[in-house]
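In: Below is the sequence, then the predicted model.
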Amino acid sequence: MRKFFLYIMMLFITMFFMNNLPAPWWPCFQKQDGDKCNYGYNCQNNGSCVIMVECVDNPDTEVNECLVCKTK
């Protein structure tokens, strides 16, 4: 029973942290290709905004969903 409870807790903790990450395009909102960005729980600018080649942007939205933050 203790092992089962541990697995359930690990599952919920993992889901909690996964759901708290912003969308990949959010750190690059109102930025250009090549600008510095940070993604995740750190405060350092350890990434850069890049345009995904295989992505097609939705013209009806203000956000460029294809411009995402790639961390090093």
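Out: That came through fine. Numbers count the residues shown, from 1 in each chain.

In: Heading C-terminal from the strand or helix carrying Cys49, find the next helix or strand.
Out: Using DSSP states H and E, the element containing Cys49 is strand 47-51. Using DSSP H and E, the next helix or strand after strand 47-51 towards the C-terminus is strand 67-71.

In: packing partners for that following strand?
Out: Judged by 3 or more CB pairs under 8 Å, 6 or more residues apart in numbering; DSSP states H and E, strand 67-71 is in contact with strand 47-51. C-beta here means a position set from N, CA and C on the backbone, and glycine is covered the same way.

In: who touches the strand it packs on?
Out: 27-28, 31-39, 64, 66-72 (CB atoms under 8 Å, 6 or more residues apart in numbering).

In: Can you tell me which of those residues are buried?
Out: Neighbour counting with 16 or more other CB atoms under 10 Å marks 27-28, 31, 35, 37, 39, 64, 66-69 as buried within these.

In: could you point out which element follows the worst-scoring helix or strand of the chain on mean pLDDT?
Out: For the chain, using mean pLDDT, DSSP states H and E, the weakest element among its helices and strands is helix 2-19, scoring a mean of 82. On the C-terminal side of helix 2-19, the nearest following helix or strand under DSSP H and E is strand 36-37.

In: Show the contacting residues for the most centrally placed residue in the chain.
Out: Centroid-nearest residue in the chain, with CA atoms, centre = their mean: Pro24, separated by 3.4 Å. For Pro24, the contacting residues are 39, 68-69, by CB under 8 Å, 6+ apart.

In: Export those as TSV, with columns for distance to Phe12 and pLDDT.
Out: Below are these laid out as TSV (distance: CB to CB, whole Å; pLDDT from 0 to 100):
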residue	distance to Phe12	pLDDT
Tyr39	23	73
Val68	27	90
Cys69	27	87
